[in-house]
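Undergrad: Here is my input; please provide its structure:
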Amino acid sequence: MSDSSGGSGGAGSSPGPAKAARARRAPATGGRAARVRMSGKQRREQLLDVGRMLFAERGYEATSVEEIASQAGVSKPVVYEHFGGKEGLYAVVVDREMQLLMDMVTGSLTGGHPRELCEEAAFALLDYIETSTDGFRILVRDSPVAQSTGTFASLINDIATQVEDILGHEFKSRGYDPKLAPMYAQMLVGMVALTGQWWLDVRKPGKAEVVAHLVNLAWHGLEGMERRPQLVGRRKN
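TA: This is a model prediction of the structure:
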């Protein structure tokens, strides 16, 4: 009797163990062909998520298209197809984060006592830092993309514009020069923004306590303002 374990066998014979094992492994091989297929919209969102994570962790300059593609499990041409390159991907990430933060801050300035408005605006910024830490890390870096809305400074200016309307009304009702409102708005928003950058890493004290101290300084500083402040030191210009 011949040994049939290594032969091809007849039509009714079952495959040998080695052949069966190869058959079971076949679907798992093939590299990229085995990955889950996504729609164009899903792939775009995935690339944005991956880019956002890498830009926050490494910065724009240190992040490459190769890394983005590798993390997403796609080839470089896919990144170029959706965004035209790293610059395009970065610009979309920055625009989204700026819009989210702007919506959160301006959405808090809806009414109530001016001190409460200060509290809500400060809470909005710290809420954003807490829920979108990667996004804030990206925004506070200098943007290498040549666009007027691509920097954190321009975002602060946009928010200050919202605040100056509120301050202007309060200044006028209290006998202060409303023309100074834009300058004071920059001071207040800048104070909150810089405190937010500091709190980004330390996270102590808690959010509510940070807001309370921020507003304490801002509100009582405004409350005790002189109508015509004078310098007390020797330098006058």
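Undergrad: wait, what's in contact with Gln71?
TA: Contacts for Gln71 were tallied using CB atoms under 8 Å, 6 or more residues apart in numbering; they are 50, 53-54. In this view, the C-beta of every residue, glycine as well, is placed from N, C-alpha and C.
Undergrad: Export those residues as CSV, with columns for distance to Gln99, secondary structure and pLDDT.
TA: Below are the contacts of Gln71 laid out as CSV (distance: CB to CB, whole Å; DSSP: H, G, I helix; E, B strand; the rest coil; pLDDT from 0 to 100):
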residue, distance to Gln99, secondary structure, pLDDT
Val50, 20, helix, 97
Met53, 19, helix, 96
Leu54, 21, helix, 96
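Undergrad: So which of those residues is the closest to Trp198?
TA: Met53 (23.0 Å; CB to CB).
Undergrad: Count the residues that sit near the closest one.
TA: Neighbour count of Met53, defined by other CB atoms under 10 Å: 16.
Undergrad: residue contacts, it?
TA: Contacts for Met53 were tallied using CB under 8 Å, 6+ apart; they are 71, 134.
Undergrad: in which helix or strand would I find Trp219?
TA: helix 207-223 (DSSP states H and E).
Undergrad: which residues of the protein score low on pLDDT?
TA: 1-36, 111, 142-151 (pLDDT under 70).
Undergrad: And the helices in it, which stretches?
TA: 17-25, 40-58, 65-72, 76-83, 86-108, 114-131, 133-139, 152-174, 181-202, 207-223 (DSSP state H).
Undergrad: TSV for those, including distance to Leu231?
TA: Output for those, formatted as TSV (distance: least, CB to CB, whole Å):
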stretch	distance to Leu231
helix 17-25	81
helix 40-58	43
helix 65-72	53
helix 76-83	52
helix 86-108	33
helix 114-131	27
helix 133-139	35
helix 152-174	21
helix 181-202	16
helix 207-223	17
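Undergrad: now the residue positioned nearest the centre of the chain, nearest residue through space, not along the chain?
TA: Centre of the chain computed as the mean C-alpha position; nearest residue by CA atoms, centre = their mean is Gly135, 1.4 Å away. Excluding its sequence neighbours, the residue lying closest to Gly135 (CB to CB, 6 or more residues apart in numbering) is Glu97, at 3.8 Å.
Undergrad: residues touching that neighbour, list them.
TA: Counted by CB under 8 Å, 6+ apart, Glu97 has contacts 52, 132, 135-136, 138-139.
Undergrad: tally of neighbours for Gly112?
TA: Based on other CB under 10 Å, the number of other residues close to Gly112 is 11.
Undergrad: so who does it touch?
TA: Counting by CB under 8 Å, 6+ apart, Gly112 has contacts Glu120.
Undergrad: State the distance from it to Arg52.
TA: Separation of Gly112 from Arg52 (CB to CB, to the nearest Å): 34 Å.
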